[in-house]
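> Attaching a predicted model along with its sequence, questions to come.
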Amino acid sequence: MQETFSDRLKKAMKLRGLKQVDLVRGASDKQIKMGKSHVSQYVNGKTIPRAEILQLLADLLQVSEEWLLYGEETKKEEMLSTDLHVGGEETAKQGEQSEEQEKGRQQTMREFKKSSKLDNVLYDVRGPVVDEATRMEEAGTQVLKLNIGNPAPFGFRAPDEVIYDMSRQLADCEGYSPAKGMFSARKAIMQYAQLKHIPNVAMEDIYTGNGVSELINLSMSALLDAGDEVLVPSPDYPLWTACVNLGGGKAVHYVCDEESDWYPDIEDMRKKINANTKAIVIINPNNPTGALYPREVLQQIVDVAREHQLIIFSDEIYDRLVMDDEEHISIASLAPDLFCVTFSGLSKSHMIAGFRVGWMILSGNKNMAKDYILGLNMLSNMRLCSNTPAQSIVQTALGGHQSVRNYIVPGGRIYEQREYIYKALNDIPGISVVKPKAAFYIFPKIDVKKFNIVDDEKFALDLLHDKKILLVHGGAFNWEQPDHFRVVYLPRIEVLEESIGKLTDFFSYYKQR
């Protein structure tokens with residue numbers, strides 16, 4: 001079996017007595033950005049580093065870049081030598097032979113690498129820990145999945161009327177729709193925007209998409225050039241950071257304060273604005289924390305955006321999953337003089353994540369974004385249209401009885417599951433958590449000193465191996481400290497009880513090594 005880059009990296013780490021976290025710290029000492037998730041992907045063979053990172057790894061491990069990348073036939077003593085020229089003429093001859101062999105390999109096989117645009121793009125909600133869970137399942141192990149907000153596998157069903165109406169219209173949905181979407185769908189979305197008091201919205205300001213995810217990618221690609229910066233929350237839904245970076249910009253993270261119900265730290269936001277900042281992203285209701293921002297916090301964000309003439313991008317996909325008689329307020333309703341882009345859809349509120357029904361709404365001062373809107377139209381036209389069967393049910397879904405309300409009141413599944421998981425997590429020694437007000441996520445804090453945790457991805461893997469529970473570590477949401485994890489509380493209470501029992505037992509003995 002041919003030795004891979006991953007094999008050589010792990011061999012060098014073992015011989016040097018280094019762990020993944022040591023490489024991350026070494027990079028930080030040299031002021032080079034290399035996160036835990038990057039190292040994990042290198043170790044697991046998911047990707048090969050770019051030249052700068054390859055040189056860094058070679059320096060930290062005291063091996064040659066050539067050996068690490070190509071696997072020269074060298075002895076262990078030579079591999080660990082800090083001086084690659086020790087050994088005189090014999091070593092030089094071996095080097096020449098290796099170069100000749102490598103030239104031969106290059107002549108016989110062309111290697112295609114991923115784009116360098118992906119170097120800073122990560123999406124660990126479906127990352128290495130999930131890959132390991134998949135491997136375990138394929139080997140016959142049953143894994144309890146608390147990692148992704150997908151309602152259907154947990155017994156949440158779409159409203160009957162939605163399914164019926166789609167089935168009746170399938171024959172009419174075989175062709176393309178207009179690029180921005182069907183008239184009936186966009187009309188219903190426009191009326192929904194009116195109910196949310198979003199100002200200055202016409203039919204041409206509404207774009208349907210294959211889920212909000214597609215539209216986030218589209219909106220960032222149309223906006224950003226190299227050097228542009230976008231303020232993104234930490235923790236965030238990682239697709240935002242990924243799409244900013246993929247679009248050529250730089251995601252700059254402002255802190256959301258756990259001590260203040262996970263509301264954005266406005267002063268931290270202000271400090272991170274400079275001449276390159278183009279926009280602020282908010283996720284409200286929030287994933288992964290379940291926070292819901294009150295009017296006064298939203299107004300402060302609007303004031304910051306107004307002061308610096310920034311675009312506001314607001315991800316509101318969970319706006320109909322709000323509990324405790326709280327009210328969701330669209331930030332665009334507070335900013336008629338600014339350019340705002342509001343995202344929402346039916347994936348969560350109508351339990352149809354697989355149908356991929358999303359939209360974005362342009363509102364406010366569109367004169368300041370005329371050229372940007374041309375870019376949005378261009379990219380929207382290039383993908384032809386979003387899927388038409390899904391568009392066909394938007395009017396039914398938004399206009400009829402909102403069955404999701406039955407889930408989010410006392411006695412409803414989501415409400416009761418939230419009540420249970422909140423209390424149960426707080427009862428585990430070393431775990432604390434802020435009560436979520438919306439969505440179906442909770443973001444507990446770990447006492448890292450108690451459990452000696454320095455690598456939260458390793459914690460997630462250890463939990464997976466020991467208790468067969470899959471959840472997402474906080475670092476996957478661009479949270480810097482290794483002290484959080486996200487739990488999806490969509491499973492029924494009896495399943496949550498089982499998972500809490502396993503978590504309690506795990507934390508009773510766990511010490512990270």
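The structure has been received and is ready for your questions. Numbers count the residues shown, from 1 in each chain.

> where in the stretch 101-250 of the chain is pLDDT low?
For the stretch 101-250 of the chain, the stretches flagged by pLDDT under 70 are 101-107, 122-126.

> For the stretch 351-500 of the chain, just list every one of the strands.
Ranges of strands in the stretch 351-500 of the chain, per DSSP state E, counting those that start in this stretch, are 358-364, 431-432, 441-442, 445-446, 469-470, 472-473, 485-488.

> Let me see the residues that make contact with the fourth one.
By CB atoms under 8 Å, 6 or more residues apart in numbering, the surrounding residues in contact with strand 445-446 are E258, G430, I431, S432, V433, I453, D456, F459, P482, D483, H484, F485. C-beta: built from backbone N, CA, C; applies to glycine.

> Would you check which pair of those residues lies furthest apart?
E258 and F459 (18.2 Å; CB to CB).

> Pick out whichever of the two has more residues nearby.
More neighbours surround F459 than the other of E258 and F459, with 25 against 19 (other CB atoms under 10 Å).

> Contact partners for the closest residue to D324 other than its chain neighbours?
Distances taken as CB to CB, 6 or more residues apart in numbering put K437 closest to D324, at 6.0 Å, once the chain neighbours are dropped. Residues in contact with K437 (CB under 8 Å, 6+ apart) are D261, P285, G290, A291, L292, V322, M323, D324, E326.

> What about the closest residue to the third one other than its chain neighbours, how many residues nearby?
Right, the one you point to is G290. Nearest residue to G290 in three dimensions, chain neighbours excluded: P436, at 2.2 Å (CB to CB, 6+ apart). A count of nearby residues for P436, using other CB under 10 Å, gives 26.

> Return the distance of P436 relative to P491.
Note on P436: its distance to P491, by CB to CB, to the nearest Å, is 16 Å.

> now Q169
33 Å.

> quick one: which of these two has more around it?
P491 (21 against 16).

> Could you measure from the nearest residue to N406 once chain neighbours are set aside over to V433?
Closest residue in space to N406, ignoring its immediate chain neighbours: G412 at 5.4 Å, by CB to CB, 6+ apart. From G412 across to V433, the span is 21 Å (CB to CB).

> between the two, who's got more neighbours?
Comparing G412 with V433 by other CB under 10 Å, the one with more neighbours is V433, at 21 against 15.

> What residues does the closest residue to the more buried one other than its chain neighbours make contact with?
Among residues not flanking V433 along the chain, P444 sits closest, at 4.1 Å (CB to CB, 6+ apart). By CB under 8 Å, 6+ apart, P444 lies in contact with L425, I431, S432, V433, H484, F485, V487.

> Would you check that the first one makes contact with I442?
Right, L425. Yes. With contact defined as CB atoms under 8 Å, L425 reaches I442; the gap is 6.8 Å.

> any residues in contact with both of those two?
Common neighbours of L425 and I442 (CB under 8 Å, 6+ apart) are V433, V487.

> who has more neighbours, the two?
More neighbours surround I442 than the other of L425 and I442, with 23 against 20 (other CB under 10 Å).

> distance of that one from K196?
On the measure of CB to CB, I442 and K196 end up 26 Å apart.

> For the chain, give me the ranges with low pLDDT.
1, 72-107, 122-126, 401.

> in the stretch 201-350 of the chain, which spans are helices?
Per DSSP state H, counting those that start in this stretch, the stretch 201-350 of the chain carries helices over the ranges 211-223, 238-246, 266-271, 295-308.

> among these, which is nearest A353?
Among the helices of the stretch 201-350 of the chain, helix 211-223 comes nearest to A353, with 7.9 Å by CB to CB.

> for that closest one, the distance to its chain's centre please.
From the chain centre to the centre of helix 211-223 is a distance of 14 Å (CA atoms, centre = their mean, to the nearest Å).

> Pull it out as PDB, backbone CA atoms only.
These are the backbone C-alpha positions of helix 211-223, laid out as PDB (Å, rounded to 0.1, in the frame of the first residue of the first chain):
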ATOM      1  CA  GLY A 211     -32.100  26.800   0.300                       C
ATOM      2  CA  VAL A 212     -30.700  29.800   2.000                       C
ATOM      3  CA  SER A 213     -27.200  28.300   1.600                       C
ATOM      4  CA  GLU A 214     -27.200  28.800  -2.200                       C
ATOM      5  CA  LEU A 215     -28.200  32.400  -1.800                       C
ATOM      6  CA  ILE A 216     -25.500  33.100   0.900                       C
ATOM      7  CA  ASN A 217     -22.900  31.900  -1.500                       C
ATOM      8  CA  LEU A 218     -24.400  33.900  -4.400                       C
ATOM      9  CA  SER A 219     -24.600  37.100  -2.300                       C
ATOM     10  CA  MET A 220     -21.000  36.900  -1.200                       C
ATOM     11  CA  SER A 221     -19.600  36.000  -4.600                       C
ATOM     12  CA  ALA A 222     -21.400  39.000  -6.200                       C
ATOM     13  CA  LEU A 223     -20.000  41.500  -3.500                       C
END
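
> Please find the angle between the direction vectors of that helix and strand 358-364.
50 degrees (axes from the mean of the first three to the mean of the last three CA atoms, to 10 degrees).

> Can you name every helix or strand that helix 211-223 contacts?
strand 206-209, helix 238-246, strand 311-315, strand 339-345, strand 358-364, helix 370-382 (3 or more CB pairs under 8 Å, 6 or more residues apart in numbering; DSSP states H and E).

> I'd like those as CSV, with mean neighbour count appended.
Compiled in CSV, the helices and strands packed on helix 211-223 are given as follows (neighbours: other CB atoms under 10 Å):
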stretch, mean neighbour count
strand 206-209, 26
helix 238-246, 23
strand 311-315, 25
strand 339-345, 26
strand 358-364, 25
helix 370-382, 14
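
> Between the ones you listed, which one is closest to T504.
Among the helices and strands packed on helix 211-223, the nearest to T504 by CB to CB is helix 238-246 (28.3 Å).

> can you give me the end-to-end distance of stretch 385-399?
Terminal residues of stretch 385-399 are spaced 23 Å apart (CA to CA, to the nearest Å).

> can you pull the buried residues of it?
385-388, 390-398 (16 or more other CB atoms under 10 Å).

> Give me the contacts around that stretch.
159, 161-162, 165-166, 169-170, 172-179, 181-182, 184-185, 187-189, 191-192, 208-210, 214, 346, 349-350, 352, 355-359.

> so who does the closest residue in space to L338 that isn't next to it in sequence touch?
In this structure, L338 finds its nearest non-sequential neighbour in G364, 5.0 Å apart by CB to CB, 6+ apart. Counting by CB under 8 Å, 6+ apart, G364 touches P199, N200, A332, A335, P336, D337, L338, F339, C340.

> The last one touches L334, doesn't it?
So the one you mean is C340. No. In this structure, C340 is not within contact of L334 by CB under 8 Å, at 9.2 Å.

> Pick out the residue nearest the middle of this structure.
Nearest to the mean C-alpha position of the chain, by CA atoms, centre = their mean, lies P238 at 2.1 Å.

> right, and that residue touches N478 too?
Yes. Counting by CB under 8 Å, N478 is a contact partner of P238 at 6.2 Å.

> mind checking how far the helix or strand containing L56 is from the chain centre?
Taking DSSP states H and E as the criterion, L56 maps to helix 51-61. With CA atoms, centre = their mean as the basis, helix 51-61 stands 27 Å off its chain's centre.

> Who are the packing partners of whatever helix or strand comes next after that helix?
Sequence order places helix 65-70 as the next helix or strand after helix 51-61, per DSSP H and E. Counting contacts by 3+ CB pairs under 8 Å, 6+ apart, helix 65-70 packs against helix 5-16, helix 51-61, helix 88-108.

> Report the buried residues of the helix or strand that the last one is followed by.
This means helix 88-108. Remark: after helix 88-108, the chain's next helix or strand is helix 128-138, criterion DSSP H and E. Under the neighbour-count criterion of 16+ other CB under 10 Å, helix 128-138 has P128, V129, V130, E132, A133, M136 buried.
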